[in-house]
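Student: could you work out the structure for the sequence below:
(one chain, ligands or ions: 1)
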Amino acid sequence: MTSAADPKTSFELITKNLQEVLNPQIIKDVLEVEKRPLKIYWGTAPTGKPHCGYFVPMTKLAHFLKAGCEVTVLLADLHAFLDNMKAPLEVVQHRAKYYECAIKAILRSINVPIEKLRFIVGSSYQLTPEYTMDVYRLSNIVSQNDAKRAGADVVKQVANPLLSGLIYPLMQALDEQYLECDAQFGGVDQRKIFVLAEENLKSLGYNKRAHLMNPMVPGLGQGGKMSASDPNSKIDLLEEPKQVDKKIKSAYCSPGIIEDNGLLAFIKHVLLPIQELKNDSDAFEFFINRQEKFGGPITYKSFEDLQNDFKDEKLSPPDLKIGVADAINVLLAPIREEYKTSTEFQEACAKGYPVETKVKKVKKVKNKGSRYPGAQSESGPIDSVDKTAEKLNDTSL
Ligand code: STL
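Tutor: Numbering: from 1, shown residues only. Here you go, the predicted structure:
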């Protein structure tokens with residue numbers, strides 16, 4: 001696809017379906033005055049395996065590419081390490097490779113040309129003397145409080161926060177300069193870090209960038225949550241069709257309730273934009289292979305009709321689930337195929353996500369009786385803080 005003809009069409013495509021844009025004028029100036037392709041980046045930290053939620057930012061990368069932008073994906077390996085060692089250093093390179101393979105497979109599966117997409121691993125430039133010095137320079141400008149607040153929605157919140165959580169936002173701000181972009185894209189959960197970057201890059205003599213934010217899309221768990229502790233709330237990109245059916249069947253979905261409904265959200269934020277991209281038109285079709293006794297097969301021609309039928313309880317949760325599970329299986333089929341034929345993809349998976357053989361150690365408890373200082377174990381409350389934090393963080397995709 002070539003760059004979209006006029007700046008106005010490009011701008012509309014670049015900002016389509018977003019929740020918020022900070023400094024849109026920076027983007028307009030590049031397109032209208034400088035008349036060159038917009039340089040934009042999206043960062044992701046290679047931690048857990050990418051799941052179906054990744055289709056959401058991918059549709060935006062597709063828009064950027066279609067609008068002729070120069071798009072960079074930052075595989076932020078050091079950020080994955082700095083965020084409470086979510087990815088240990090031994091495996092993080094393999095995870096970065098796995099993310100690259102997965103992102104390319106998703107984009108290819110929705111017919112997005114990826115020749116113009118650039119992948120960069122964070123540590124390839126974040127360990128240089130220049131970058132390191134800039135981290136120190138920035139640490140002399142930003143207060144501890146501001147760094148802490150900036151990371152509040154992104155960095156995993158734990159009982160005893162590490163210093164790394166304060167460095168993380170500073171590095172994300174510097175990435176904008178070192179990736180030489182005009183704009184950064186991310187979920188609206190990144191907002192505080194984006195603002196920190198806007199407020200501080202100038203003091204280092206660097207330009208302020210524009211920021212584009214996607215809405216947070218509800219997941220499949222209760223109240224639209226995605227939870228690390230509930231494997232049913234996330235669908236892996238390589239999930240087998242039967243597993244997809246099972247997970248969608250167990251998705252939280254109240255009859256007639258359209259708020260925080262992960263299934264409707266998936267249709268709106270993934271299936272609809274993908275169809276638009278594939279067909280190059282606004283036409284929407286959603287087929288549900290409904291049993292005869294419930295009204296028979298039905299095809300919706302607009303998302304609003306579908307949502308209204310669900311709201312009016314003319315479409316039941318089990319029938320909505322049949323349609324979504326079938327659509328996800330169609331979406332994932334080419335990704336599974338690519339995995340089967342790519343040794344690079346398979347190797348990255350095996351090395352990045354080795355199957356855990358760890359046998360849980362059972363801690364021997366000395367019988368010290370109950371009358372000694374600290375007899376009431378302290379580990380309980382700290383554990384529960386950790387779990388809450390995991391859930392919070394997981395909703396971010
Ligand atoms: C996550 C989850 C998520 C976004 C990110 C990480 C973003 C990371 C990042 C790191 C450096 C950058 C930009 C973005 O320069 O939704 O674990």
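Student: nearest residue to the closest residue to the ligand within the stretch 1-150 of the chain in space, please, no chain neighbours.
Tutor: Nearest to the ligand in the stretch 1-150 of the chain, going by C-beta to the nearest ligand atom, is G43, at a distance of 2.3 Å. (C-beta placed from N, C-alpha, C; glycine too.) Distance criterion C-beta to C-beta, 6 or more residues apart in numbering; nearest residue to G43, sequence neighbours excluded, is L74 at 3.9 Å.
Student: so does the host helix or strand of the one you found get close to the ligand?
Tutor: L74 belongs to strand 70-75 when elements are defined using DSSP states H and E. Yes. Contact between strand 70-75 and the ligand, assessed by C-beta under 6 Å from any ligand atom, occurs at L74.
Student: next SSE after that strand?
Tutor: Scanning forward in sequence from strand 70-75 by DSSP H and E, the next helix or strand is helix 77-82.
Student: I'd like to know which elements that following helix is packed against.
Tutor: helix 89-109, helix 123-126, helix 164-178 (3 or more C-beta pairs under 8 Å, 6 or more residues apart in numbering; DSSP states H and E).
Student: is any residue of it near the ligand?
Tutor: Yes. With C-beta under 6 Å from any ligand atom as the criterion, the ligand is reached by helix 77-82 at H79.
Student: picking that back up, over to the residue of the stretch 1-150 of the chain closest to the ligand. Which of the three states is it?
Tutor: strand (DSSP: H, G, I helix; E, B strand; the rest coil).
Student: for L163, see how far away it is.
Tutor: Using C-beta to C-beta, to the nearest Å, one obtains 21 Å as the distance from G43 to L163.
Student: so these two - more neighbours on which side?
Tutor: Neighbour count, other C-beta atoms under 10 Å: between G43 and L163, G43 has more, with 22 against 10.
Student: related to what we said a few turns ago, now mean pLDDT too, for the helices and strands packed on helix 77-82, in JSON lines please.
Tutor: Listed next are these as JSON lines, based on pLDDT from 0 to 100:
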{"stretch": "helix 89-109", "mean pLDDT": "96"}
{"stretch": "helix 123-126", "mean pLDDT": "98"}
{"stretch": "helix 164-178", "mean pLDDT": "97"}
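Student: arrange the ones you listed in JSON lines, one row each, with mean neighbour count and distance to the ligand as further columns.
Tutor: Output for the helices and strands packed on helix 77-82, formatted as JSON lines (neighbours: other C-beta atoms under 10 Å; distance: least, C-beta to the nearest ligand atom, whole Å):
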{"stretch": "helix 89-109", "mean neighbour count": "21", "distance to the ligand": "11"}
{"stretch": "helix 123-126", "mean neighbour count": "16", "distance to the ligand": "9"}
{"stretch": "helix 164-178", "mean neighbour count": "22", "distance to the ligand": "3"}
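Student: between those helices, which one is nearest to G53?
Tutor: Closest approach to G53 among the helices and strands packed on helix 77-82 (C-beta to C-beta): helix 89-109, 11.1 Å.
Student: contacts for the host helix or strand of I328?
Tutor: In this structure, I328 is located in helix 317-341 according to DSSP H and E. With contacts defined as C-beta atoms under 8 Å, 6 or more residues apart in numbering, helix 317-341 is touched by 52, 55, 101-102, 105-106, 108-109, 235, 237-241, 244-245, 248-249, 251, 253-255, 263-264, 266-267, 270-271, 274, 286-290, 294, 310, 345-346, 349.
Student: show me what from the stretch 1-150 of the chain comes close to the ligand.
Tutor: Contacts of the stretch 1-150 of the chain with the ligand, taken as C-beta under 6 Å from any ligand atom, map to 43-45, 47, 74, 76, 79.
Student: looking at those residues, spot the one nearest I298.
Tutor: Relative to I298, the closest of those is T44; by C-beta to C-beta it sits at 36.9 Å.
Student: how about the contacts made by the closest one?
Tutor: Residues near T44 by C-beta under 8 Å, 6+ apart: 50, 57, 73-76, 99, 103.
Student: pull out the buried members of those.
Tutor: Listed as buried from the contacts of T44 are 50, 57, 73-76, 99, 103; burial here means 16 or more other C-beta atoms under 10 Å.
Student: walk me through the domains of the protein.
Tutor: Domain assignment of the chain by automatic domain parsing yields the ranges 7-214, 241-352.
Student: out of these, which one sits most buried?
Tutor: When these are scored by mean count of other C-beta atoms under 10 Å, the highest mean neighbour count falls to domain 7-214 (a mean of 19).
Student: now do that one: distance from first to last residue.
Tutor: The straight-line separation of the ends of domain 7-214 (C-alpha to C-alpha, to the nearest Å) is 21 Å.
Student: next one: stretch 65-72
Tutor: End-to-end for stretch 65-72, by C-alpha to C-alpha: 10 Å.
Student: what about the stretch 1-150 of the chain, any weak spots by pLDDT?
Tutor: In the prediction, the stretch 1-150 of the chain carries residues with pLDDT under 70 at positions 1-5.
Student: host element of the closest residue to L315 other than its chain neighbours?
Tutor: Once flanking residues are discounted, L315 sits nearest to D309: 4.2 Å by C-beta to C-beta, 6+ apart. In the assignment (DSSP H and E), D309 maps to helix 303-311.
Student: that helix versus helix 317-341: what angle between them?
Tutor: Per axes from the mean of the first three to the mean of the last three C-alpha atoms, to 10 degrees, the angle that helix 303-311 makes with helix 317-341 is 130 degrees.
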